[in-house]
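Trainee: Sequence and predicted model, in that order:
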Amino acid sequence: MSKTKAHTRYRLTDGAIVPGVTTVTGSQLGWNKQALINWANRIGLTGVDSTKYKDDKADIGTLAHQMITDWLLHEPTDTSDFTANQISDAENSVISFHEWAKTKTIEPILIEKSLVSEKYRFGGKADIYAQIDGVAELIDLKTGSGIYDEMYVQVAAYEQLLKESGHQVDRVRILNIPRTEDERFVEQVMGDKQREAAWSIFLNCLANYRLQKLLNGRL
């Protein structure tokens, strides 16, 4: 597999191109901006190029996601485009996932499936939609130092895409699977009020995204 995935274009049935979930949230939410600035400053003071460091970690996350989704689909993962260190760190994430999964019965329904909302005019790709111990569940995989508020907003949008496509979602879970020893496994099951609030925030982001397009004459 390639380190850089081709950008997915989401289209409505009439052919209109609509934005993806991460495009919308990435352009409208900056809740962790200061934390990222502080992190980049700390990394820079150690003599490390923060951009290269971030890109390397992103590649590891991409590979870890692929390894897990391929495992669920009983498919091999092509790691030829990655370094030995990246493969090793990605395998650490996979081990964390397997530790979590070993006590559960997982029956995949949709894995990395592109979906589009005709009603709200956006698209997205949910990581895992499966029966987990008999419960219809949406799982979003993250690699990094923890779970942040933006992630709740993203996964609420994925939930809406699934529901609009006729899939029941009884539970929503975010799993942060660590790549290295300085990161930790974090699991969060979203409550009903969290899901409602996160979806409302996404709708506001989507409205602001379109208003910004109009403001700049691009819509």
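Mentor: Arrived safely, thanks for sending. Numbering: from 1, shown residues only.
Trainee: now stretch 168-187, how far from the chain's geometric center?
Mentor: Centre-to-centre, stretch 168-187 and its host chain are 11 Å apart (C-alpha atoms, centre = their mean, to the nearest Å).
Trainee: Now do it: everything it contacts.
Mentor: 57, 60-61, 64, 68, 89-90, 92-94, 96-97, 99-100, 129, 132, 135-147, 151-152, 155-156, 159, 162-163, 188-190, 195 (C-beta atoms under 8 Å, 6 or more residues apart in numbering). Heads up, the C-betas are built off the backbone N, CA and C, glycines and all.
Trainee: any idea which helix or strand of the protein has the worst average confidence?
Mentor: The weakest-scoring helix or strand in the chain, judged by mean pLDDT, DSSP states H and E, is helix 33-45 (a mean of 54).
Trainee: quick revisit: of the contacts of stretch 168-187, buried ones?
Mentor: Of the members of those, the ones counted as buried by neighbours, 16 or more other C-beta atoms under 10 Å, are 57, 60-61, 64, 68, 89-90, 92-94, 96-97, 129, 132, 136-145, 147, 151-152, 155-156, 159, 162, 188, 190, 195.
Trainee: Those in helices, which ones?
Mentor: 57, 60-61, 64, 68, 89-90, 92-94, 96-97, 151-152, 155-156, 159, 162, 195 (DSSP state H).
Trainee: in stretch 188-207, what's buried?
Mentor: 188, 190, 195, 197-199, 201-203, 205-206.
Trainee: Pick out whichever of the residues you listed sits closest to L72.
Mentor: Nearest to L72 out of those is Q188 (C-beta to C-beta; 20.3 Å).
Trainee: what helix or strand is the residue lying closest to the closest one once chain neighbours are set aside on?
Mentor: Excluding its sequence neighbours, the residue lying closest to Q188 (C-beta to C-beta, 6 or more residues apart in numbering) is I174, at 4.8 Å. Using DSSP states H and E, I174 maps to strand 171-176.
Trainee: rewinding a little: any idea how far the residue nearest to Q188 lies from Q86?
Mentor: 23 Å (C-beta to C-beta, to the nearest Å).
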